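Below are the sequence and a predicted model; questions follow.
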Amino acid sequence: MNIAVEKVTSSKINEVDFDNLAFGSVFSDHMLECTYKNGAWETPKIVPYQPITLDPSSKIFHYGQSIFEGMKAYKDKDGGVWLFRPLENQKRLNISAKRMAIPELPEEYFMEGLTSLLQVDKNWIPENDGSSLYIRPFMFASGNGFHASPADEYKFIIATAPSGAYFSGKVRVLIEEKYSRSANGGVGFAKAGGNYAGQFYPTQLAKAKGYQQVIWTDDNTHEYIEEAGAMNIFVRINDTLITGPTSDRILDGITRKSILDIAADEGIKAEVRKISVAEVVAAAKSGELKEMFGAGTAAVVSPISGFGHQGTDYDLPELENSYAMQLKKRITDIQYNRAEDKFGWRYRV
Ligand code: PLP
Ligand code: COI
C-alpha cells in the first residue's frame, strides 16, 4: 500500500517535557487519516496533526456513531519500537464497527497505516521507564444529514500522545448500585464513545465522594461485579485470582486475557467466574480479600487501595509481594522488550 506522507514543516517535539508526561494531553506531529466514501475505504495518508472540519449535520454529532481503540508503542533500551498484540486491537475495532453499523476497516489499512505513522513519529515514543506513546485509533460518522440512519461517509484516524501513568495516585473505587454502564443485548462489548459518555455523570458523583473509578455491576440485579470505567477488574481472595467472564456487557480486554495467561504461567490459581458483590464484601470483612486491581492498556495493572459499597469504605492491605506487582512486572517486561516473549505477543515496528 502506498501511504502518502505529508510531513510537518517544523516539529513541536522540543516543547514537550518528556520527564513529566501526563496521560494523553500532548500530541505528536502527525496523524493517520483515512476516509470511507462511495462504499469503500480510500488509501490512508499521513498528515500533520490538525483539527478536523465537519458539517454541523455530521451524524457523529447527533447519533454518536463513534468507536475507538487504545494501544501503546514502547521503546526498548536499544531504541527498538514495539507494539503489544496489535492484531487484537485491529480485530476489536472491527467488532465495535460492526455493532455500530460502521464499515469495517481492512486489516492492512490498520496495520500498515499504524506502523507507517510510528515510523514517521518514532522520536515521539518516550524512553523513560513507565512512559509510552499512547495510540488512539478511532472511527466516526463524518457523513451528513439529520435522518437517524447510518452515515455514508466515515473517517478513520490514528492520533498518538506521549504519555505517563493514567492514574496519578492511589485508586479507590465505588461499587455502583444504581446506574448501569451497559445492558444485555446492548453495546457494552464495543469500544463505543457513548459507553464512556454514559459513565461520566455517575463517575462525577463517585469522584465527589473521593473515588477515582466506578466498578459497574450487572444492570439486571447489581449483584455481580463487571468492570470499571477504563479497565477490567481482578480480585484476589486468599490465593485465588478471580475476574468476571466477558459478555456482551463487558469490554473483552487484551490486558485482562494476557494477565490470565501470565497468571497460569506463574502458577497463580486464577478463575474466570461471576464475582458477587456480597462475596467481595464478606471477604473484605473477614480479611480474605487480599487484592483488587484493574487491568487495561492505559491503566496497565493498577492496584486498588479500597472500595466503597452502600456507604461503607473497605481498605485493602498493602502487600509486599502482591499479584498485581508480579503480573505488572511480567507484562511490562514483555511490552518493553526486557524479557523473553514466550507467548509471541510482541510486534516489532
Ligand atoms: N474496559 C474498558 C471499559 C476499557 O475502556 C478498557 C480499556 O481499553 C479496558 C476494559 C481494558 O481493555 P484493554 O486491556 O484491551 O486495553
Ligand atoms: C485504554 O486503556 O486504552 C482505554 O481506551 C481506556 C480509556 C478510557 C483511556
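On my side now, so go ahead. Numbers count the residues shown, from 1 in each chain. Ligands and ions are numbered 1, 2, ... in the order given.

Please make it C-alpha for all contacts and neighbour counts, starting now.
Fine.

List the contacts of the residue lying closest to residue 26 once chain neighbours are set aside.
Residue nearest to residue 26 in three dimensions, not counting chain neighbours: residue 161, with 5.6 Å by C-alpha to C-alpha, 6 or more residues apart in numbering. Residue 161 sits next to 23-28, 133-135 when contact means C-alpha atoms under 8 Å, 6 or more residues apart in numbering.

and with 10 Å instead?
Residue 161 makes contact with 21-29, 72, 124-126, 132-136, according to C-alpha atoms under 10 Å, 6 or more residues apart in numbering.

What parts of the stretch 1-150 of the chain come near ligand 1?
Contact residues, the stretch 1-150 of the chain versus ligand 1 (C-alpha under 6 Å from any ligand atom): residue 70.

OK, now which residue of the stretch 1-150 of the chain is nearest to ligand 2?
Ranked by C-alpha to the nearest ligand atom, the top residue of the stretch 1-150 of the chain for proximity to ligand 2 is residue 70, at 3.3 Å.

Would you agree that residue is in contact with residue 300?
No - counting by C-alpha atoms under 10 Å, no contact exists between residue 70 and residue 300, whose distance comes to 11.6 Å.

The two - which one has more neighbours?
residue 300 (21 against 17; other C-alpha atoms under 10 Å).

Next up, the contacts around that one.
130, 165-167, 231, 255-256, 293-294, 327-328, 331-332.

Dig out what it forms beta bridges with.
Judged by DSSP bridges, the bridge partners of residue 300 are residue 296.

Check residue 157 too.
Under the criterion used (DSSP bridges), residue 157 bridges to residue 33, residue 138.

Next, count neighbours for it.
Residue 157: 23 neighbours (other C-alpha under 10 Å).

do residue 181 as well
When neighbours are counted by other C-alpha under 10 Å, residue 181 comes out with 27.

quick one: it from ligand 1, how far?
Distance of residue 181 to ligand 1, computed by C-alpha to the nearest ligand atom, to the nearest Å: 9 Å.

Show me where this protein has its helices.
Secondary structure of the chain by DSSP state H: the helices cover 59-63, 86-99, 107-120, 193-208, 254-266, 277-286, 323-335.
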